[in-house]
Every structure is written in structure tokens, then in C-alpha cells.
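Chemist: Predicted model and sequence below, questions to follow.
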Number of protein chains: 4
Amino acid sequence: MDLPDVQGRELFSSYNLSRVGVKGIKRPVTIHRPGKDVSLVPSIDVMVNLPAQQRGSHMSRHVEVIHRAVDSALDMENDSLEAFVERIALSLLESHEYATYAEIGLRADYFRERTSPDGKAVLENYVIAANASVRRGDARPLRTIGVEVSGMSACPCAMETVRKLLSEELSEGGATPEQIKVLDLIPVPTHNQKNRVELFLSSTDGVMMDADELIDIVERNLSSPTYEILKRMGEARVVLEAHRRPKFVEDIVRDIIDDLLGSHPELDDDVVIRVRSVSEESIHKHDALAERVSTLGELRVGSRHERT
Amino acid sequence: MDLPDVQGRELFSSYNLSRVGVKGIKRPVTIHRPGKDVSLVPSIDVMVNLPAQQRGSHMSRHVEVIHRAVDSALDMENDSLEAFVERIALSLLESHEYATYAEIGLRADYFRERTSPDGKAVLENYVIAANASVRRGDARPLRTIGVEVSGMSACPCAMETVRKLLSEELSEGGATPEQIKVLDLIPVPTHNQKNRVELFLSSTDGVMMDADELIDIVERNLSSPTYEILKRMGEARVVLEAHRRPKFVEDIVRDIIDDLLGSHPELDDDVVIRVRSVSEESIHKHDALAERVSTLGELRVGSRHERT
Amino acid sequence: MDLPDVQGRELFSSYNLSRVGVKGIKRPVTIHRPGKDVSLVPSIDVMVNLPAQQRGSHMSRHVEVIHRAVDSALDMENDSLEAFVERIALSLLESHEYATYAEIGLRADYFRERTSPDGKAVLENYVIAANASVRRGDARPLRTIGVEVSGMSACPCAMETVRKLLSEELSEGGATPEQIKVLDLIPVPTHNQKNRVELFLSSTDGVMMDADELIDIVERNLSSPTYEILKRMGEARVVLEAHRRPKFVEDIVRDIIDDLLGSHPELDDDVVIRVRSVSEESIHKHDALAERVSTLGELRVGSRHERT
Amino acid sequence: MDLPDVQGRELFSSYNLSRVGVKGIKRPVTIHRPGKDVSLVPSIDVMVNLPAQQRGSHMSRHVEVIHRAVDSALDMENDSLEAFVERIALSLLESHEYATYAEIGLRADYFRERTSPDGKAVLENYVIAANASVRRGDARPLRTIGVEVSGMSACPCAMETVRKLLSEELSEGGATPEQIKVLDLIPVPTHNQKNRVELFLSSTDGVMMDADELIDIVERNLSSPTYEILKRMGEARVVLEAHRRPKFVEDIVRDIIDDLLGSHPELDDDVVIRVRSVSEESIHKHDALAERVSTLGELRVGSRHERT
């Protein structure tokens, strides 16, 4: 049957569109990493731009590209999530011949075995994300790899005020100066809470990092990581660790930046970093947040990781 | 124009339906309480049952009932949310002559002025909920009034283990027994977090309670209420209060029940209570929860509020 | 170190709790079905009741039970999701010696290959759910298996009114009676939309059904299933199928019940069914819904599937 | 009591932060428009940047600024939401003397009375949003006003293929050419669904538009607006209107742009527009979307609204 080409029709008056596509596609994907297979169930969005002359964007092609990419991913060895999204971005440009720009974003639950302070192996839950965008003619897509990590933050400010208050109370209660000195030796109560950190790196080339390494950087810069199973002693150790490393959302973002610059001097200056820490405040009904978006080059200037 | 009655058509083979209706209707509602007007923007669900002989349920009538009820609410003095939902439930039965059962549920943000530990007036955010359900022939609908309150819980178990660990550390560090005794005089760190409590009461008659009173009962049985604005000293006071009243989710549910039974002996034995406490664990990625659903009569038996 | 048993402490005044546990645990699970492995990433809730004498519920045991069950699931052949949740429910009672009731619920994305009207194999996305609850001393837990399926519903009522209006318009426009007769031969426009159906079956014993079979029953009783990839001709065929089977939410629920009773006479009378159809109305901002909760026995009485 | 200034402490190694603040604050706000008061319950986010030398951001000041702004809004006549967020942005810079950048975003349910095709007055639900951001020294904040509108889209492509298929079917069924011609006189079935449109305008000065006008522009460029209450005839009229104006997501975005350019030639070239249309596809499980972000100046070049 000869069907009318409704999408291809010319328009009396039209405008370029920044992005046209589909979102919320779910499909299981298996990535063959060296030594292990990673199975993900991502939610995927794919889009291309649309020139003024083209009425519609052949939406079914978007989904076909994803299905083909997933199928071909199954056949490749030593693959990576970055390579997977790059392949989809390039493939989108091939299938949408009228487009000059394509992008893909995906987000999935991700699991890693961690050792709890009780010495037990526990499977912990993270989110892994990857994006790629490309303009026709570009040598390489801009690829982003990122993680979302939930951990614990303890407030340094409230801890100091509590210390002051406890010192006054002990003094009024007849405690000796020797006894009150104990307050300087121990962590005292403060508010602590779930802290959700996002860490994303974007680059058109250069060494991209492994998601596991990003998770490690986030976890070691929270007041403490969290664990799905904690026995009594493990609980106490997590609480003490968090109270010995009390941190504002501001501290967490800065410490992650500082750690990344120090541990990864090989990353190019034009890599873009986005770090966000959201504290689900236990003493408020709202959340607190801090964020930095920057090139690594800009962050290095004037820092102790300045390149010379 | 003579329209075919598609909803009223007879069916070859059919089944009663438990509920048919619409959900997610948003409409501003003003309730005239003695002394103040309460403005709410609830999300509303309304449903009736449907006998086997009736094909469809005239969906537009559901929404019309809500609109009429909201309009008439504007004209009434000394109204209440319970009266509002009762009126809608009865009105649903009137408009759906084939139905023998009707129900309505609504849920809205709600605000109250509280005084923070810094002595400041702050507007705090709660959720208020009301339901009514009625069977044709019943004297009175079953009405439910409820609140959702966010506050703070601090874990009593981790606090005791932390105290033990700190005691050992101080001892190993050369502290004197007199100094170590300080640990018994002060609250030590534990994990604390947002705790979301739901408290609902259902009854066909008897004295229903004010939502403000329900919020008060919840807030005084958390480790501490929370506040949108806290200066330094207020923060420390909230932290100290929470650490002096450390509570499991189980404790919060039981203390709310005990408080309600003690402060409201006038409530009938057949009032049904549902209390749920969800702790957004700062040391885990998952949540902890405790819940009790019961008649007040069953709770009173064997308790210190037993009726004699 | 000798730790104080905070959870085991006696309470001055206490109350039984209906359920205490953890929710929102995510863990990958692999079920070995005959002929294929099914990989899921469920969100899991587990709970037990708590007698008045017990202060706390040893929360870490809940998560340990899940981890042990997942690990043991990996070793079993010919397993099922129902067997998996049953095992967890029984294991919860074993680990929580003070509890007399335990329950587990899980929910996960699920994928199946379907053939689109274009003749292509497409992977479609569903939700699979399973619950189990057990009282100490019961021979068998109550097990529930369910699915959530998204498809298409087209409104039969608007279609008839549109047919009337078009007939009048054609008549006024000078069309011949022969031409106007065409309106009785074709489906005319109506509003259609995403329809989300939930179908759950619960039973303590008897033949439980496969989730794939539940999905099939739902899909064949919607106005039409939906597909992730549709070429031009496939789109038109889905649209036409939906408009030739226009259905209210009420029809969808009843047709699913009728289909299940007819195709599965072996299911026991005391199996409980819950069917819910939610239509994301394209002509309203709210949703429409219909639901039936019943035993199969009650549904069979007076129906064409009555047992004799 | 003399409290340590934890937030003000110098840092060994630090980095500027792009934004630090609080999010998810809910507070009722009343805007006094000429002729009517608009009551909103927005969710509000406020943030400032943070120089490298400053450890923390005095989070409580963020919330205080909002509370003061809401209180002062109550005293002003002829106010607007744009003026309200502008005042908050400027006030944030005043309270955070170390910051050089401040931003606020708010989002709230909004209601307007519309007349349904049945001729009835119905209150319809929209979302209104407003943002402001400012750099210290800027003459004026950048202000954004936006709306989210839910309506109906009907697919033009499937309609044409359906027409072809119906034509073939009628022909095979023995219909006369005269009868088949009817298919060219009437709209035939296609898939239609909820379509969610966002329309945002940003500008540092120039005439900002009323949210009601933005809603009008969106609603007249959908296939059809939707209504909370529709009687039988109203339903059919909405369905017919939508099928006589079938539109892709791409068409909706372009038609909104074209309408805005044509009806508002007074808007400056440097006003930035963002239009997004998301179709909750009734024939797929995923959504389709189109978006344009641009200055009005760029859109005018080469269009029929080009300035000469």
C-alpha cells in the first residue's frame, strides 16, 4: 500500500526543533566488562534535532536504534557503558539522515559488593548513568559517565554548639574541669541524615573513568558510606566514623573535587565535572544542597593540584 | 439529539464491580472553621460500586458532585473537613442511583504556625487527609481523619553501643574513671533521620478529633519535631532533645497510641486507629517502618488505660 | 564486648504492633524457570508483627533473610517467584522467634518478547509482583502473584455520540443516505489512551498461575495491547483494533474476570482476585478507574461460568 | 553563649561552589493581582554561589528570606509572581554578603475557570512556575515565567494510514466509490492521548507576559484542550475537534512558537523561549517529545514573523 509521507511533508511556516525523540524506554542491557558481565535495566531517552523543513521525526527509528544497539552489545567483548551510548548516538545520526545532532541518556540501578564494618560482604545499591551527544561532523561524541551514591552526612556546626551546651550543663551540674575536658576527646551528638551525591564527568576524549572508581571517590568523601546489613557493632562504627568526619554539603562537594584532582592527574583540563550533594535534613522538612559544575582546568587553577 | 445510552446497556455476562470512579482531581477547597478559614488544594478520589446489570458509571457525575460540594462548602459556617467528605459521600449515592456504596478520599498540604526552640514563629508543613465511605441504608458514613507529620527519630540501640565503644576508647587512652563517668551523664552520638508518621482515626460516629490535635500528639512522641528555620542555638536544642528521647519506629507508634488513649478517654472503643512510623534510615539505603492497625477497644484491654 | 539488649528490654506499657520491618531494599534476583533464567531487580519490603513484650525487632535480620534467600535461589532448579517469596516468608518467622506473622512483597520490571502487528519481535515492558504472608502454625503461606500491564483503551460512549454528530454533519452537507450508511460500517473517532491494568491472584494452595499467562489474559481484554516499535502499518492496525473493541474501564475489568473464569476452571473457589483498570483519560486531566476484589467462588455464582 | 563560627572558617584547600541552598520548601503565598487574589502553595528552591574562602552558607538565611518575602508580598497591591521572585533573588544577595549570584525557582498548582463545550464553567488545573537569578552588580535579575498545561494530541500520521486501510476495506466489502468518498469528508480514528506542554519565557527586562496568556496560547495550539467535566455531547465535540486538528509533538511546539511570535510582536528579540510537548503515547509504553529552546530573535529570522 502506498502510504502518504506525513512526516516528510513540507510546512508553510516552520522552525527548527532542538530535540525530538522518545523517553522512558526500558530494556535490559548486558555490558561485557573484562572479567564480568554487568546486567542493567536502564530507562533510556533518545533524541535528535529536526530542521525546519522536516515535519516529523520518524519516531519508530529511535526505538529501533536502541534495540539494534542492545543486540549488538551482546556480541562485543570488553565493552563499556560509555562505548554503548557512543554507539547509539552515532547510530541515531545514521538513521535520521535529516538530523545534525543526536543525544542519548540512560540511567539504571547498579550493584556492588562492599564489606561492612562487621566484616560481612553486602550487595549495595547505586545508580549508574551514561549520556552521549554528537553533532554531525564531530570526530567524537561528548560522553558523560556518572553515578548516584547514597551515604551519610553529619553536621559539623550543630556538633560544636552541642559541645558548648553540654559543657555548660556539666559545669552547672557540678562536674569537674577534668571531667568536662572529656567533651574535647569525643564526638558529641549532631544531626545526621541520608546524603545523596551525584558525580558526573563529561569529555569528548581523554581517559574516561570507571563507574566503580567514581563510587569509591564519593563514598570516601561522605561522613560515612552506608550499608544494607549492619549488626550492632557495625552500626556503632558507622555512627562514630560519621561523627568523626562531620561535613556540610559544601564540604562533601569540595572534598570529592579535591580527591578527584589529586587521584586523577591524568584527566584532561577540559573534562567537565558536575558534583551535587543533597542532604535530606533530619532537623528540617526541606533538603539542603551544594553543587559545582566546572571544567577540571578551572578547578585546578589556584588549588593545591595546580598544574605547573 | 437523541443519544444512545451506552452506559445503561444491558450486558450478556457481567460482574459487580467493587469501585468505579475518578482519581487525581485537584480543586481548591476552603473550609470555614470557627475563627479561621482553612484553604486547601487537595487531590481527590471518588468512587461508587457498580451492580452487574449496569455497564458504565456516568463518570462525569463523580466530578460534578465534587464541584457542587466545594461550592456549597463555601457557603457554610463552622464547617469541618469531616463534614465536607461526609457530604460528598452521601451526595455520590444520590447522583448514582444504581450504586449501593460510595467512597471519597482527599489529601492536601496543610500549614500551622509553630514556635521554634529559638522562640521564632515558623510556618510548618504537614499533610491532612480525610476519607468517607457509606453503604446505602447506613445511618452514617464511616469517616476517617488523618495527618502525615515529618519529624526526627534518633536510634536508642546505636547510642548504647556507641557509649560502650567510647568508654573503651577513653579507657585505653588513659582517661580516669571519673572522666569516663561523664559518658553516663550526656547523650552520645547515634544515627538520627527524618521520620514520617501517619496517624489516622476512623469512626461512624462519636467525637472525631481535630487534625491539629492529631499533629500535636505525633509531634510530642517523636524524638523531636523539626522546624523550617533554626538558628545555631535552636539546631543544638533540637539535636539534644532528640538524643535525650531516642526512639525506635516501634517506640514512636506505641507512644502515640499510649498518648492518644491517655489524653482522649472519651473516644469510643470502636474507633479504628492506624499509626505508621517510617524512618528514612541515615545508616542504610532502605527505610525502617512500624505500624499498628486496631480498634481503640482492643488497644485498651490490658493497657494502663484499660476501662474498668 | 557485652552489649546491652536494647531491643529485648521490657516495656512499662506496650502494645502489639501489626507490622515492623524494612522497605525499599533493592537486590538483583535470578529465578531459574524451566528452560530459562529470569533476572529481576525487585524492590522488596519485609515485615513481621511484634508482641507487646518485645521492644524492637532486630531490623538487620530482615535484610539478612532476603540476602540468604536470594543466594539460595541461585542454587535451585525449576524455581518460581511464588516459591521464592514463600521461602522468604517462612524464613522470616524462623529468624524472628518472637513473631507470629510475617509478610514479604516484591515488585520488579519484567520483559517479554511479543510480535507486533508489523510482524516484528519486540521486547515489551511489564511489572511483575509477588507477595507472601504467613501466620505461625499455618500449613502454607498466602501467596499472591500479579502483573501490571500497560495497554490501550478506546471509549465506546464517545464513539457513538461522534457517529451521531458525523451523521448529522454529513446530512447537512448534502451527503446521500447511501453515503451516510458508511458510518455504520466503520469505526469512527473516539478518545483513546494509556490504560494500566493490575491483575493479582492470591491463594494458600491450589494451582497458581504463571505471570506470562496473566499478562496474556490482560492484553487480550484491553482495546489493544501496545508495542514499543510500530511502523506505519502497524500503528494503523493497532488503532483500528482498539476502535473495533472500544471499552470502558468497567468492561476491561469484567472481561478479564470472565476470561480468567472461562480459561481456568481449575482454579479454586477461594482464590482471591484483584483486577484494576486505570485509564489515563485523554479528554480529562484526571484518571478513571474500575476495580473488583472478590473470591473466584463469588464471581462464579450466577455467571456463565457457574459450577454445577 | 559565644558560638564558634563553623561556616566562616577558612579552608586549607577549597573551591568555589556553583550553588548552595535549600530545596523543597513549601509555603502558601498570596499574590495580589489587579482585581483578584491568587493563592498558591508553591514548592520553592533557593540558592546562592559560595566563594572558595567561605566554608558554609548559613542555610537558615535562605529560608528566612523566603518567609520575609512571603510576608511582605501580603502587604503589596498589584503584585505579580515575577515581582515576587525578583524580590527574593535580590534579597538573597543582601542576606548572603559573600555570594555574587543568587537564584530562586518555584512551582505551584494553579486554577482557572474555563467554559467546556457543553457551555459549563469548570475549574481547570495547571502548573505555574517562576524563576529569578541575579549576579551582584546586574541591573535586573533574569526572570522566567512558565506554565505546564495538559491537553490532547491526536496523531496525523496514523489517521492517514487508517483512512487508507478503511478505504481498502470498504472497497473489498463492496462499497460504491460514492460511499468511499465519505472517508475524505470525515475525520477517521487515530491514536490520541494526554499531551503535557511546558512553555517558559525568560528575560531580564521588557514586557513579561501573564501566565493566563501563556496558558491560552498553549491550549489553542493543542489538538484540543481537556476539561474536568464533560457531558456526552461535550465529549464528542472535544474528540471531533482533536481529530480535525491532528498534531505531532513537533507541530504543537512549532504552532505555539508561531502563535506567540504572531500575537506578541512587542516581545524583545533577546527573550528566551522554551517549549516542550510530551505525548503520553496511547500506542506505546514510552512517551514522545519535542522541544525548542531559542531566543525569539533567532526564531523570527526567516519566519513569516520576521522583523523588517
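Modeler: That came in fine, so what should we check first? Not measured: the values here are computed from a predicted model.
Chemist: Please report phi then psi for residue A:255.
Modeler: For residue A:255, the backbone dihedrals (degrees, to the nearest 10) come out as phi -70, psi -40.
Chemist: which residues sit in contact with the nearest residue to it once chain neighbours are set aside?
Modeler: Using CB to CB, 6 or more residues apart in numbering or on different chains and skipping the chain neighbours, the partner closest in space to residue A:255 is residue A:221 (4.1 Å). Where you see a C-beta, it was placed from the backbone N, CA and C, and this is true even at glycine. Listed by CB atoms under 8 Å, 6 or more residues apart in numbering or on different chains, the contact partners of residue A:221 are A:252, A:255, A:256, A:259.
Chemist: Going by distance to residue C:112, which of these wins?
Modeler: Residue C:112 lies nearest to residue A:256 out of the contacts of residue A:221, by CB to CB, at 41.0 Å.
Chemist: Kindly reformat the contacts of residue A:221 as CSV containing secondary structure, pLDDT and neighbour count.
Modeler: Shown next, in CSV, are the contacts of residue A:221 (DSSP: H, G, I helix; E, B strand; the rest coil; pLDDT from 0 to 100; neighbours: other CB atoms under 10 Å in any protein chain shown):
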residue, secondary structure, pLDDT, neighbour count
A:252, helix, 97, 24
A:255, helix, 97, 22
A:256, helix, 98, 25
A:259, helix, 97, 16
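Chemist: Using JSON lines, please lay out those residues together with distance to residue B:109.
Modeler: Listed next are these as JSON lines, based on distance: CB to CB, whole Å:
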{"residue": "A:252", "distance to residue B:109": "30"}
{"residue": "A:255", "distance to residue B:109": "36"}
{"residue": "A:256", "distance to residue B:109": "34"}
{"residue": "A:259", "distance to residue B:109": "40"}
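Chemist: Out of these, which is nearest to residue B:49?
Modeler: Looking across the contacts of residue A:221 and measuring by CB to CB, the closest to residue B:49 is residue A:252, at 53.3 Å.
Chemist: So for stretch A:51-64, what gets flagged as buried?
Modeler: A:54, A:55, A:56, A:57, A:58, A:59, A:60, A:61, A:62, A:63, A:64 (16 or more other CB atoms under 10 Å in any protein chain shown).
Chemist: same check, this time on stretch A:146-156
Modeler: A:146, A:147, A:148, A:149, A:150, A:151, A:152, A:153, A:154, A:155, A:156.
Chemist: now, which of those residues lie close to chain D?
Modeler: Restricting the buried residues of stretch A:146-156 to those near chain D by CB under 8 Å from any CB of the partner chain leaves residue A:156.
Chemist: Redo the buried residues of stretch A:146-156 as CSV? Include pLDDT.
Modeler: Conversion of those to CSV gives the following (pLDDT from 0 to 100):
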residue, pLDDT
A:146, 97
A:147, 98
A:148, 98
A:149, 98
A:150, 98
A:151, 98
A:152, 98
A:153, 98
A:154, 98
A:155, 97
A:156, 95
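Chemist: May I see the buried residues of stretch A:146-156 organised as JSON lines, with secondary structure and distance to residue D:31 added?
Modeler: Supplementary listing: those in JSON lines, determined by DSSP: H, G, I helix; E, B strand; the rest coil; distance: CB to CB, whole Å:
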{"residue": "A:146", "secondary structure": "strand", "distance to residue D:31": "38"}
{"residue": "A:147", "secondary structure": "strand", "distance to residue D:31": "41"}
{"residue": "A:148", "secondary structure": "strand", "distance to residue D:31": "36"}
{"residue": "A:149", "secondary structure": "strand", "distance to residue D:31": "40"}
{"residue": "A:150", "secondary structure": "strand", "distance to residue D:31": "37"}
{"residue": "A:151", "secondary structure": "strand", "distance to residue D:31": "40"}
{"residue": "A:152", "secondary structure": "strand", "distance to residue D:31": "40"}
{"residue": "A:153", "secondary structure": "strand", "distance to residue D:31": "36"}
{"residue": "A:154", "secondary structure": "strand", "distance to residue D:31": "40"}
{"residue": "A:155", "secondary structure": "coil", "distance to residue D:31": "35"}
{"residue": "A:156", "secondary structure": "helix", "distance to residue D:31": "39"}
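Chemist: of the buried residues of stretch A:146-156, closest to chain C?
Modeler: residue A:150 (11.0 Å; CB to the nearest CB).
Chemist: Quick check: residues of the stretch 1-150 of chain A near chain C?
Modeler: For the stretch 1-150 of chain A, the residues in contact with chain C (CB under 8 Å from any CB) are A:1, A:3, A:25-28, A:39, A:41, A:60, A:63-64, A:67, A:109, A:111, A:122-123, A:125.
Chemist: just to revisit the earlier point, could you dump the buried residues of stretch A:51-64 into a markdown table with distance to residue B:212, secondary structure and pLDDT added?
Modeler: What follows is those, written out as a markdown table (distance: CB to CB, whole Å; DSSP: H, G, I helix; E, B strand; the rest coil; pLDDT from 0 to 100):
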| residue | distance to residue B:212 | secondary structure | pLDDT |
| --- | --- | --- | --- |
| A:54 | 59 | coil | 87 |
| A:55 | 58 | coil | 83 |
| A:56 | 55 | coil | 82 |
| A:57 | 54 | coil | 81 |
| A:58 | 58 | coil | 83 |
| A:59 | 52 | helix | 83 |
| A:60 | 56 | helix | 85 |
| A:61 | 58 | helix | 85 |
| A:62 | 52 | helix | 83 |
| A:63 | 52 | helix | 85 |
| A:64 | 58 | helix | 87 |
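Chemist: follow-up on the earlier one: can you narrow the residues of the stretch 1-150 of chain A next to chain C down to the ones near chain B?
Modeler: Counting by CB under 8 Å from any CB, the members of these near chain B are residue A:125.
Chemist: Can you list which of the residues of the stretch 1-150 of chain A next to chain C are found in strands?
Modeler: A:25, A:26, A:39, A:109, A:111, A:122, A:123, A:125 (DSSP state E).
Chemist: check whether the lowest-mean-pLDDT helix or strand in chain A contacts chain D.
Modeler: Lowest by mean pLDDT, DSSP states H and E among the helices and strands of chain A is helix A:59-73, with a mean of 80. Yes. Counting by CB under 8 Å from any CB, contacts between helix A:59-73 and chain D involve A:59, A:63.
Chemist: centre of the chain versus that helix, how much separation?
Modeler: 25 Å (CA atoms, centre = their mean, to the nearest Å).
Chemist: From the contact counts, what lies against the helix or strand following that helix?
Modeler: Next along the chain after helix A:59-73, taking DSSP states H and E as the criterion, comes helix A:81-95. Helix A:81-95 sits against strand A:29-33, strand A:43-50, helix A:59-73, strand A:101-115, strand A:121-135, strand A:142-154, with contacts defined as 3 or more CB pairs under 8 Å, 6 or more residues apart in numbering or on different chains; DSSP states H and E.
Chemist: can you list these in JSON lines and add distance to residue C:117?
Modeler: Below are the helices and strands packed on helix A:81-95 laid out as JSON lines (distance: least, CB to CB, whole Å):
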{"stretch": "strand A:29-33", "distance to residue C:117": "26"}
{"stretch": "strand A:43-50", "distance to residue C:117": "23"}
{"stretch": "helix A:59-73", "distance to residue C:117": "13"}
{"stretch": "strand A:101-115", "distance to residue C:117": "27"}
{"stretch": "strand A:121-135", "distance to residue C:117": "32"}
{"stretch": "strand A:142-154", "distance to residue C:117": "37"}
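Chemist: so where's the stretch 201-308 of chain A shaky on pLDDT?
Modeler: Flagging of the stretch 201-308 of chain A using pLDDT under 70 yields the residue ranges A:206-207.
Chemist: Please name whichever of the helices and strands packed on helix A:81-95 is nearest to residue D:117.
Modeler: helix A:59-73 (30.1 Å).
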